[in-house]
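A.B. asks: Fold the stuff below for me.
(one chain, ligands or ions: 1)
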Amino acid sequence: MSVLTARTTLRKSETTCTIIHGDSRTELAEFVGQVDLIVTSPPYADARRKHYDGVHPDEYVDWFLSFHEPYFNALKPTGSLIINIKDKVVDGVRHRFVWHTIEALCERGWFAIEDYLWHKTNPMPGFWPTRLRDGWEYCFHLAKSKRPYFNSDAVRKPIGDWVDTRLNKLGQNDLSRHNSVNDSGFGRDISKWVGRDTVLPSNVISSEAPDEEEFTRAEGTPSNVISRALVGKNKGHPAVFPVELPAFFIKLLCPEDGLVVDPFGGSGTTGIAALSLGRNCVLIDNNAQYCGEAIRRLCDEGGAEKEEDIIQQSLYEIKQ
Ligand SMILES: C[S@@+](CC[C@H](N)C(=O)[O-])C[C@H]1O[C@@H](n2cnc3c(N)ncnc32)[C@H](O)[C@@H]1O
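C.D. replies: Reported below is the predicted structural model:
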């Protein structure tokens, strides 16, 4: 296990990830106006109480609003905030603290740009009297302006096999915009897809991309590494999300020379994604053990090295 100081900087090539042990409400003060993207998964209400402080669903809005100003101030005017979260069943019904939290944030100046769904292809097995297995979570995209930085080309994916079969059979109706058979008013012009090999993904981030090994190998490529959205494996932390989830939003919402922050950094998943994609990153967590785990993962899985190790190494090289 790495020795933890309040702040540890790791490096991969020209990119750095700084892990800060502290409360993100105070630690973010030094990043005012510098952050392009905050992508994070806060503690869910009343969850993981054995591991870190739980927040009661009735108190969740007020608790989350204590992060509003630090987040808002840290972001650049073109910046975005992605909140991965799920609501909770209380006494047999869905408690709506998540919706109320998003509404409260919007009342304070955030723009609700989009609601993404993370489709979990392997949800927890079980039986519930009035519900099925829970197969998705929210990823809310909020921003300081209505036109945040947005690079949809960076998340394009291969158009898929249907093009070959469908385009080979183009009929007369396909060659110009044509009203649909059921008169729904939705026209189609399939011919516009001729010669294209990528398409924009939808706002459901789902399991159709390469596995984690392929993700690492495919780093830097512009399109199809968005979303093998399996539940993150438990790596010294009880609530890890998959690397592909923050990676998707980093490509979409953070310019290549931008700064990503995860203010509930946990085991460092966002840092692994950011370093893979060449973005500088700051992770903040108020639990020392999780900061240590983040350092370990970033080195073992993310290919990062501690700055002091790099300095030691270069001193050694000078001596040689
Ligand atoms: C859901 S977990 C994040 C897990 C992370 N996405 C991962 O993949 O490992 C939420 C984290 O927020 C941290 N946390 C809770 N309150 C915090 C605060 N005020 N400041 C910083 N971190 C906090 C907890 O220690 C926990 O590790």
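
A.B. asks: Pull the contacting residues for residue 253.
C.D. replies: 36, 37, 39, 80, 82, 141, 148, 149, 150, 151 (Cβ atoms under 8 Å, 6 or more residues apart in numbering). Bear in mind the C-beta positions are built from the backbone N, C-alpha and C, glycine included.

A.B. asks: Please, a PyMOL command that selects the buried ones among the residues you listed?
C.D. replies: In PyMOL, this line selects whichever of the contacts of residue 253 come out buried by 16 or more other Cβ atoms under 10 Å:
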select buried, resi 36+37+39+80+82+141+148+149
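
A.B. asks: Please write out the alpha-carbon positions of the helix or strand hosting residue 249 in CSV.
C.D. replies: Element membership for residue 249, per DSSP states H and E: helix 244-253. C-alpha atoms of helix 244-253 as CSV (Å, rounded to 0.1, in the frame of the first residue of the first chain):
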residue,chain,number,x,y,z
GLU,A,244,-15.8,3.4,-19.5
LEU,A,245,-18.5,5.6,-17.8
PRO,A,246,-16.3,8.6,-16.9
ALA,A,247,-14.2,8.0,-20.1
PHE,A,248,-17.4,8.5,-22.3
PHE,A,249,-18.1,11.8,-20.7
ILE,A,250,-14.5,13.0,-20.7
LYS,A,251,-14.3,12.5,-24.4
LEU,A,252,-17.6,14.2,-24.9
LEU,A,253,-17.3,17.1,-22.5
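
A.B. asks: quick revisit: output the contacts of residue 253 in JSON lines, with pLDDT and distance to the ligand appended to each entry.
C.D. replies: Putting the contacts of residue 253 into JSON lines (pLDDT from 0 to 100; distance: Cβ to the nearest ligand atom, whole Å) gives the following:
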{"residue": "36", "pLDDT": "98", "distance to the ligand": "18"}
{"residue": "37", "pLDDT": "98", "distance to the ligand": "14"}
{"residue": "39", "pLDDT": "98", "distance to the ligand": "9"}
{"residue": "80", "pLDDT": "98", "distance to the ligand": "17"}
{"residue": "82", "pLDDT": "98", "distance to the ligand": "11"}
{"residue": "141", "pLDDT": "98", "distance to the ligand": "17"}
{"residue": "148", "pLDDT": "98", "distance to the ligand": "22"}
{"residue": "149", "pLDDT": "98", "distance to the ligand": "22"}
{"residue": "150", "pLDDT": "98", "distance to the ligand": "23"}
{"residue": "151", "pLDDT": "98", "distance to the ligand": "23"}
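
A.B. asks: Assign the closest residue to residue 26 other than its chain neighbours to helix, strand or coil.
C.D. replies: Among residues not flanking residue 26 along the chain, residue 70 sits closest, at 7.8 Å (Cβ to Cβ, 6 or more residues apart in numbering). For residue 70, the assignment made with DSSP: H, G, I helix; E, B strand; the rest coil gives helix.

A.B. asks: check contacts around the residue of the stretch 201-320 of the chain found nearest the ligand.
C.D. replies: Closest contact between the stretch 201-320 of the chain and the ligand, by Cβ to the nearest ligand atom, is at residue 266 (2.5 Å). Residues in contact with residue 266, defined by Cβ under 8 Å, 6+ apart, are 41, 237, 239, 240, 285, 290, 293, 294.

A.B. asks: and with 7 Å instead?
C.D. replies: 237, 239, 240, 285, 290 (Cβ atoms under 7 Å, 6 or more residues apart in numbering).

A.B. asks: what about the last one, distance to residue 54?
C.D. replies: Meaning residue 290. 16 Å (Cβ to Cβ, to the nearest Å).

A.B. asks: Which one's more surrounded, these two?
C.D. replies: Legend: neighbour count by other Cβ atoms under 10 Å for residue 290 and residue 54, higher for residue 290 (24 against 15).

A.B. asks: quick one: pLDDT of residue 316?
C.D. replies: At residue 316, the predicted lDDT confidence score is 59.

A.B. asks: Any idea how many residues pack against the residue nearest to residue 268 when sequence neighbours are not counted?
C.D. replies: Using Cβ to Cβ, 6+ apart and skipping the chain neighbours, the partner closest in space to residue 268 is residue 294 (2.9 Å). By other Cβ under 10 Å, the residues close to residue 294 number 32.

A.B. asks: Make sure residue 294 is indeed in a helix.
C.D. replies: Yes: counting by three-state DSSP, residue 294 falls inside a helix.
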